[in-house]
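Peer 1: A structural model of the following input is requested.
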Amino acid sequence: MIAIKKYPWLLLFFAALIIVSCSKDDNGDSTEEELIVSAGEADFSKFVAVGNSLTAGYTDGALFIESQLNSFPNILAGQFALAGGGEFNQPLMNDNLGGLLLGGNVIAENRLFFNGSGPERLPGVPTTEVSQTLSGNFNNMGVPGAKVYHLLAPGYGNVAGVPTGQANPYFARFASSPNTTLLADAVAQQPTFFTLWIGNNDVLGYASSGGAGVNQAGNMDPSTYETNDITDPTVFTMAYTTIVDNLMANGAKGAVANIPNVLTTAYFTTVPYNPLNPADPNYGPMIPLLNNHYASINQVFQVLGVPERSIVFHTDQASAVVIHDEYLTDLSEQITNVLIAGGVDPTTATLLGQFYGQARQANSTDLMVLPSMSAIGQLNQTIFDMLIGLGVPAETAAQLSVNGLTFPLEDKWVLVDDEQLEIANTTALFNGIIQDVATQKGLAFVDAHAILDEIATVGVDFDEFSLNGSLVFGGLFSLDGIHPTARGAAYIANRFIESINETYQSTLPYVKARDYVTIFSPNLP
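Peer 2: Model prediction:
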C-alpha cells in the first residue's frame, strides 16, 4: 500500500485511482489511513445487484425511497464509484410511506414506525401505483418476495398477473416487458460486476408462517408451490446455477451471499413462550377461571396417560401460552369419549376434543412469530362465530375463543421443534449449494449466515456503535424483525467489501456506521 503524497508522480500514472480515508477493520472501525482505491481484478463500471427484499432495501415492513437509498447495493455502489464504478439506478418508490396500490386499491401496507412503545403502521394513502410502470434499466434488481426460481419465471413482472399472485407487484413496476424474466433483464444490462443474494425466501416463507407451508422436496414443479412452501433442493440447485452462469456469461465477476439463519432474527426471538404475567390486570384475575376450565381436561389427560399435556396457569410466575402442535398424536376422539363417559354432553365433549386433541402449553424451545404478539389474549373471531353458529351462548363462546388461553394458538403463530429442524436442515443444504457454486466459479463469498448469527446471538461492534439482535434498539433488525436497518445494511455492505477486496485484490474503503440510522423518523419527506 503506497501513500500517494510521498510519490507525486503516481498521480499521473494512477489517474483512475482515488485517495480516500478508509478503515482496515473488518467491521469498519475507525483506524484511518490514506489509501489508493483500486478495483484490483474487478471491473465495477456496470454493477447489477440481483436478489430479493434484502437487496431491494426493504425495511420496517415495506419498501420506500429512504430504505432504497440505504440498501446495501446502493451503499456498495457508492464505494464502487471510487474505483471506476458507474451510475446505479434503482426503481424508486413514489414516497416514503411504502405501501402499494393496484388500480387504486391498497395491496401492500405502509411501513412501520416506532410510536414510543412499539411498531405501528404509518397512516396515509400510498402513492406508488403498480400499473404505472417505470421505463429504463435498473441496476438494483432486488424484488421483495422473490424465490430463487422466480428469477427464471416468464411473466413474473406482468401487471395482469399481480391480482392472481402469478406475478410480483414490485417487479411489475419495472420489468422491461410483461413476459420477461428478472434474470433476463439483469443480464441484458451486460454487468461487469454483480451481487447475488437470493434463497432466503425459499425457507423464510415457511418459517414466518409458523411452518404452515409444505416442504416441497421431491416436487420438481415450482409452479405448484405456494408462497409458504420450502423449495425442492434440486430446483434450487438448477435455478441458482443457471442464474450464476448467466450473470457470468460475459466475463463478469461478482459476490454472492448465503442464507441467514432466519430463526435467530428478532421475528422469532421477541415474543416469549410465556408472556402471561399474573400481574397483568387483564390476565391475572382470569387465572382461577382458566385453571377451573382446564381441570376436567387435565383429568382426561391423566386417564389417557399423557399428563405432560396438562395445562396450568400460575399465580406466582409467568405462564406459557396454549398452542396447537400438529406433531402431537391427535387425541380428539379419545378426549371426546372420556368426557362423554364422565357425563359431559356430546356436543360440548366433541368441541373440547377438537380444541385440545393436539394442545399443550408452549415450552422454552418453541418460537413465537412476531405477529403473535397482537393475537395472544385476543378473541379469535372465526372460532367465536363458529361456536355461535353451533348454538353456543355468546358469553360461553367468547370464553372459549381466547387465543393462547382457552383456544390453542394456531400453527401459523408458532414454530415447534420439528419445524425448526426442517428449516435449519434446509438452510444448511441450500447454503452448501451456494458455497459450492461460489467456490467453483471463483466468486467472492459472504457468509451472511455466520455474520448475522454472530450479531443476533452475541452482538458486534461497528465503529463506536454496537449491533445486536434485539427488536427496535438492537440496531441490526428493523421494525419488521427480519430486514436490516440502514446501519445493518451498512454493516452488511462492509462485509461484502471485505470479501470483494480479499477475492479480487481491490482496495475499496469501508463505510462508517455514524452515517446510517437505525430508526427512521415517521416524518420523512
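Peer 1: may I have stretch 301-312 as PDB, with CA atoms only?
Peer 2: Provided in PDB are the C-alpha atoms of stretch 301-312 (Å, rounded to 0.1, in the frame of the first residue of the first chain):
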ATOM      1  CA  PHE A 301     -55.000 -36.300  30.000                       C
ATOM      2  CA  GLN A 302     -54.200 -38.300  33.200                       C
ATOM      3  CA  VAL A 303     -56.700 -41.000  32.200                       C
ATOM      4  CA  LEU A 304     -55.200 -41.200  28.700                       C
ATOM      5  CA  GLY A 305     -51.600 -41.400  30.000                       C
ATOM      6  CA  VAL A 306     -50.400 -38.100  28.800                       C
ATOM      7  CA  PRO A 307     -50.100 -36.000  32.000                       C
ATOM      8  CA  GLU A 308     -47.400 -33.900  30.300                       C
ATOM      9  CA  ARG A 309     -50.100 -32.200  28.300                       C
ATOM     10  CA  SER A 310     -51.800 -30.800  31.400                       C
ATOM     11  CA  ILE A 311     -52.400 -27.100  31.200                       C
ATOM     12  CA  VAL A 312     -51.800 -25.000  34.300                       C
END
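Peer 1: pull out the buried positions in that stretch.
Peer 2: F301, R309, S310, I311 (16 or more other Cβ atoms under 10 Å). For glycine as for every other residue, the C-beta is placed from the backbone atoms N, C-alpha and C.
Peer 1: in terms of helices and strands, where is H449?
Peer 2: helix 448-457 (DSSP states H and E).
Peer 1: er, E333 I mean
Peer 2: Counting by DSSP H and E, E333 is part of helix 332-341.
Peer 1: counting contacts, what elements does that helix pack onto?
Peer 2: Packing partners of helix 332-341 (3 or more Cβ pairs under 8 Å, 6 or more residues apart in numbering; DSSP states H and E): helix 287-303, helix 346-356.
Peer 1: now do the buried residues in that helix.
Peer 2: S332, Q334, I335, T336, N337, V338, L339.
Peer 1: hang on, the earlier thing: out of the buried residues of stretch 301-312, which is nearest to S135?
Peer 2: The shortest approach to S135 among these belongs to I311, at 59.4 Å (Cβ to Cβ).
Peer 1: what's the burial count for the closest residue to that closest one other than its chain neighbours?
Peer 2: Among residues not flanking I311 along the chain, Y294 sits closest, at 4.5 Å (Cβ to Cβ, 6 or more residues apart in numbering). Residues near Y294, counting by other Cβ atoms under 10 Å, number 21.
Peer 1: contacting residues for Y294?
Peer 2: For Y294, the contact set (Cβ atoms under 8 Å, 6 or more residues apart in numbering) comprises S310, I311, V312.
Peer 1: and those residues as CSV, adding distance to T439?
Peer 2: Shown next, in CSV, are those (distance: Cβ to Cβ, whole Å):
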residue, distance to T439
S310, 52
I311, 51
V312, 53
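Peer 1: could you list the low-pLDDT ranges of this structure?
Peer 2: 1-34 (pLDDT under 70).
Peer 1: now do 80
Peer 2: For the chain, residues meeting the criterion pLDDT under 80 lie at 1-35, 525.
Peer 1: any idea how far H150 is from the residue lying closest to A153 once chain neighbours are set aside?
Peer 2: Leaving aside its chain neighbours, A153 sits nearest to T181 (6.2 Å; criterion: Cβ to Cβ, 6+ apart). Separation of T181 from H150 (Cβ to Cβ, to the nearest Å): 9 Å.
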